[in-house]
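Asker: Pasted the sequence and its predicted model underneath.
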Amino acid sequence: MTVIAPTTTLLAYIPSPPQGVWHLGPVPLRAYALCIIVGIIVAVWWGDRRWIARGGQPGEVLDIAIWAVPFGLIGGRIYHVLTDWSIYFGGGGKSPIDVVKIWDGGLGIWGAVIFGALGAWIGARRHGIRLPAFGDAIAPAILLAQAIGRLGNYFNQELYGRPTTVPWGLEIYERTNGIQTGPNLINGTSTGQVYEIVHPTFLYELVWNVLVVLALVVLDRRFRIGHGRLFALYVAGYCVGRFVVELLRSDTAYTFIAGVRINVFTSALLFVCAAIYFVVATKGRERGLEMYYPDRAEELEALGVVGYVDDRYPDHELEREPDDEPDEDEPFDSDGEMTDAGDDSTATEVIDKGVAEHDEEAAVDPELDEEAAVAPATAAPSPWTSPDPDTDADSAPDTPDSALPDADGASPEADSASETADSASEAADSAPSDADRAPTDADSAQSDADSAQPDADGAFPEAESAPATADGASPEAESAPATADGASPDADSAPTAPDSAKDTPPTR
């Protein structure tokens, strides 16, 4: 019995396109240029959506792209010419006039990014936009545009790697333009003859770019990255992939450093710079209109533009001025209006608290009681009405103001006596050194107070309480001037009256 082994045919390799240029009459349609144009359109469209989502205004991405795209194309061409200068100036098969023929291919991505950033900075300044915030918005869109542009390398049979036998290897065909034959003829058509099977490094970079785009979008949504740090992540992520791809490439290169392609060193240098910027730059994302310069921000604010509001934080958690809104626990706001935390009982408590504070202040400074607009709700009972006749003046409270209503209610004569005693105290204070005059004034005060004693006795059942109330002090004349005058809550701090006034006992 004969066993026939089954045969299988695997799609082992990726074929290259037969050509990269088509002609509509005299007008050539180049796949490389079309891929770049599609990439720019996608970048502007998606970048504009991202910019609006971050608080920007519609159309501003296109306004800046008008500056960035031409600068990027010129910069990409300059970088290509500088790194492959021998092609144009060293007998490499092209003349110096071919330098301006950008449609023939040859753009260095590093020059495109650097010069494109310069053009974007000019456009952003003209529109009052801060470049770091703008770069964060368009970073994923730029990298997606680069991925689309790599398809142009596929049509041109360029940016390929070393020979390989992997199943996904890329077939490079011979091409001819009727005059020349070779794999690098961009304007030629395939002869169908396989020149070489290589690593599709353009495809590696395309896939890597798409993965980095997805990572940037996820990280941006998760961590709200701003202040140019997302753009730095884009540069760093792209450099990692480009570093590996450059090590796999075997297509013709004209600039080496120590036998290594110059793009390898460029990728490593830019990666370090991007990583440093990401670490030292401001954390978080711009809020409100912070992505604009002050003048532009004021214009937009006048039009009612709010800018970026982080949807992860409710409005009450956003930073605000201390006086913008009342505290939830405060019953009254800064204007004295009752808040939701207050009610009728709260208002009563606040009024009672204010009265109590007034009483405390009046105890320290009795003059405040005369200026107060609202009297205490409940007058304190007078200590001078105690039924104990032996009550000493030293047991009286520090606040003599509570006794004043009793003195006023005694009689007009008691008021006269108190006023006379006040004048005696003032005379003693004004001339304490005049020993002859002070006793006279004090004696006069005591005599007047004694003359008013019968009337004061008629106002209260206890005779001994009236003289103390009329005089505004204890029977000891030492405290009489100060207490009657209301100048000090401490009887010991009053000026000492002459001995003649001190030794005279009150009339019973």
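Answerer: Looks like it arrived, so ask away.

Asker: contacts for the helix or strand hosting residue 73?
Answerer: Taking DSSP states H and E as the criterion, residue 73 maps to helix 60-83. The contact list for helix 60-83 (C-beta atoms under 8 Å, 6 or more residues apart in numbering) reads 40, 43-44, 47-48, 51, 88, 99, 102, 106-120, 122-124, 126-127, 129, 134, 137-138, 254-255, 262-263. For the C-beta atoms, the positions are set from N, CA and C on the backbone; glycine is no exception.

Asker: how about 7 Å then?
Answerer: Outside of helix 60-83, the residues within contact range by C-beta atoms under 7 Å, 6 or more residues apart in numbering are 40, 44, 47-48, 51, 88, 99, 102, 106-112, 114-116, 118-120, 122-124, 127, 129, 134, 138, 255, 262.

Asker: repeat for stretch 186-200
Answerer: 13-14, 18-21, 104-105, 156, 160-164, 168-177, 183, 248, 250.

Asker: Could I get the buried residue list for stretch 68-83?
Answerer: Within stretch 68-83, the residues scored as buried using 16 or more other C-beta atoms under 10 Å are 68-69, 71-81, 83.

Asker: What of stretch 16-26?
Answerer: In stretch 16-26, counting by 16+ other C-beta under 10 Å, buried: 16, 19-21.

Asker: From start to finish, how long is that stretch in a straight line?
Answerer: End-to-end distance of stretch 16-26 (C-alpha to C-alpha, to the nearest Å): 25 Å.

Asker: Ok, stretch 126-134 next?
Answerer: 13 Å.

Asker: same question for that stretch, mean pLDDT?
Answerer: Stretch 126-134 shows a mean pLDDT of 97.

Asker: hmm, back to that, using CSV, write down the CA coordinates of the helix holding residue 73.
Answerer: Extracted as CSV, the C-alpha positions of helix 60-83 are listed here (Å, rounded to 0.1, in the frame of the first residue of the first chain):
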residue,chain,number,x,y,z
GLU,A,60,-8.1,75.8,15.2
VAL,A,61,-6.3,72.6,14.3
LEU,A,62,-6.7,73.3,10.6
ASP,A,63,-5.5,76.9,11.1
ILE,A,64,-2.3,75.6,12.6
ALA,A,65,-2.0,72.7,10.2
ILE,A,66,-1.7,75.3,7.4
TRP,A,67,1.6,76.3,9.0
ALA,A,68,2.7,72.9,10.3
VAL,A,69,2.3,70.8,7.1
PRO,A,70,4.5,72.9,4.8
PHE,A,71,7.1,73.2,7.4
GLY,A,72,7.0,69.5,8.0
LEU,A,73,7.4,68.6,4.4
ILE,A,74,10.3,71.0,4.0
GLY,A,75,11.9,69.7,7.2
GLY,A,76,11.5,66.1,6.2
ARG,A,77,13.1,66.8,2.8
ILE,A,78,16.0,68.7,4.4
TYR,A,79,16.7,65.8,6.8
HIS,A,80,16.6,63.3,4.0
VAL,A,81,19.1,65.3,1.9
LEU,A,82,21.4,65.9,4.8
THR,A,83,21.6,62.2,5.7
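
Asker: Flag the shaky bits of this structure, pLDDT-wise.
Answerer: The chain contains residues with pLDDT under 70 at 1-11, 92, 312-508.

Asker: can you state the direction angle for the helix ranked longest in it and helix 60-83?
Answerer: In the chain, taking DSSP state H as the definition, the longest helix is helix 131-156. Orientation check (axes from the mean of the first three to the mean of the last three C-alpha atoms, to 10 degrees): helix 131-156 against helix 60-83 gives 60 degrees.
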